[in-house]
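*Asks:* the following block contains a protein sequence and its predicted model.
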Amino acid sequence: MSENYRPQQEEPEIISTSQAVNLTSTIASLSALFALFFCFADQRSRAVRRFSVQSVGLGAIHLLLGMVIWILCEVLGWIPLIGGVLRGLLLLVLTLATILVIVLRVRMALHAYRGEAHVLPVIGQALRRFE
């Protein structure tokens with residue numbers, strides 16, 4: 001192999017060149033509540049809709065996970081000694097999931113600001129149906 005060999009990186013798909021659309025997509029990426037608003041309010045821009053659907057899906061999964069962990073903490077918390085340990089482990093899982101959601105939102109916002117297409121890992125393709 002030559003010294004100058006570098007694996008080719010795929011060029012990202014550009015879905016928007018308008019700065020207004022990019023900023024709106026960035027706002028939708030950072031907040032599930034704003035994204036839910038943009039899902040219904042902005043019917044003209046496919047880029048805004050794409051990031052809104054991805055953001056709402058991510059927020060819904062995070063909310064659902066938080067509710068399941070809360071219920072499990074309440075149920076398992078009654079078990080003496082072991083319940084406290086299980087509650088601590090569940091809260092650690094929720095904390096790690098929250099950190100992951102923040103990282104995913106920042107990545108999504110960065111792509112939105114640049115006008116590049118972005119699909120969330122694991123759930124992104126399933127969410128594309130709702131665009």
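*Replies:* Received it, and whenever you're ready, just let me know what you need.

*Asks:* check contacts around the residue nearest in space to the middle of the chain.
*Replies:* Nearest residue to the geometric centre of the chain (Cα atoms, centre = their mean): L58, 4.1 Å. Contacts for L58 (Cβ atoms under 8 Å, 6 or more residues apart in numbering) come out as A32, V101, L104, R105, M108, L120, I123. No exception for glycine: its C-beta is placed from N, CA and C like everyone else's.

*Asks:* mind listing the helices for the protein?
*Replies:* Under the criterion DSSP state H, helices of the chain are mapped to 19-30, 32-41, 46-76, 82-114, 124-127.

*Asks:* what angle separates the fourth one from helix 46-76?
*Replies:* In this case it means helix 82-114. 170 degrees (axes from the mean of the first three to the mean of the last three Cα atoms, to 10 degrees).

*Asks:* what is helix 82-114 packed up against?
*Replies:* On a contact count with 3 or more Cβ pairs under 8 Å, 6 or more residues apart in numbering; DSSP states H and E, helix 82-114 meets helix 19-30, helix 46-76.

*Asks:* what's the most buried one of the ones you listed?
*Replies:* Mean neighbours per residue, mean count of other Cβ atoms under 10 Å, is largest over these for helix 19-30, with a mean of 20.
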